[in-house]
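what shape does this take:
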Amino acid sequence: MAKSESKSAAQGIDHKQFVNKDGYPKGGIPVKIPEEIPTVNKVGGQRRMLKEKKSEVKWY
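As a prediction, this is how the structure comes out:
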């Protein structure tokens, strides 16, 4: 068997610069969820689907 002496691409990276003291990633984009009533739309489905079987989707 031949020995593989290749190094991984992440071997020279200091991961401490990307995580906080608890080990979670730093940064990110804060997400604000609106407190409004969600918009409800009917989902299309196939041609011959029964009307009562068509589902709804809620957009927040």
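
what's the neighbour count on Pro34?
7 (other CB atoms under 10 Å). From N, CA and C alone the C-beta is placed, and that goes for glycine too.

how near is it to Trp59?
Between Pro34 and Trp59 the computed distance is 10 Å (CB to CB, to the nearest Å).

one more: Asp14?
From Asp14 to Trp59 the distance is 42 Å (CB to CB).

next one: Arg48
27 Å.

also Leu50?
24 Å.

same check on Gly23?
Taking CB to CB, one finds Gly23 at 34 Å from Trp59.

number of residues surrounding Glu36?
Residues contacting Glu36 under the criterion other CB under 10 Å number 7.

could you do Lys26 as well?
8.

show me where pLDDT drops low in the protein?
Residue ranges of the chain with pLDDT under 70: 1-10, 45-46, 60.

go again using 80 as the cut-off
1-12, 15, 28, 31-38, 42-56, 59-60 (pLDDT under 80).

quick one: the strands in it?
39-42, 56-59 (DSSP state E).

using JSON lines, please lay out the ones you listed together with mean neighbour count and distance to Pro30.
Shown next, in JSON lines, are the strands of the chain (neighbours: other CB atoms under 10 Å; distance: least, CB to CB, whole Å):
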{"stretch": "strand 39-42", "mean neighbour count": "10", "distance to Pro30": "23"}
{"stretch": "strand 56-59", "mean neighbour count": "8", "distance to Pro30": "20"}
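
TSV for these, including distance to Ile29?
What follows is the strands of the chain, written out as TSV (distance: least, CB to CB, whole Å):
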stretch	distance to Ile29
strand 39-42	23
strand 56-59	20
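
and the ones you listed: which comes nearest Gly27?
Nearest of these to Gly27, taken as CB to CB: strand 56-59 at 27.3 Å.

parallel or antiparallel, which strands does the closest one pair with?
The pairing partners recorded for strand 56-59 under DSSP bridges are strand 39-42 (antiparallel).

need the contact partners of the strand it pairs with.
Lys54, Ser55, Glu56, Val57, Lys58, Trp59 (CB atoms under 8 Å, 6 or more residues apart in numbering).

the fifth one contacts Glu36, correct?
Looking back up the chat, that one is Lys58. No - with contacts defined as CB atoms under 8 Å, Lys58 does not count as touching Glu36, sitting 11.5 Å away.
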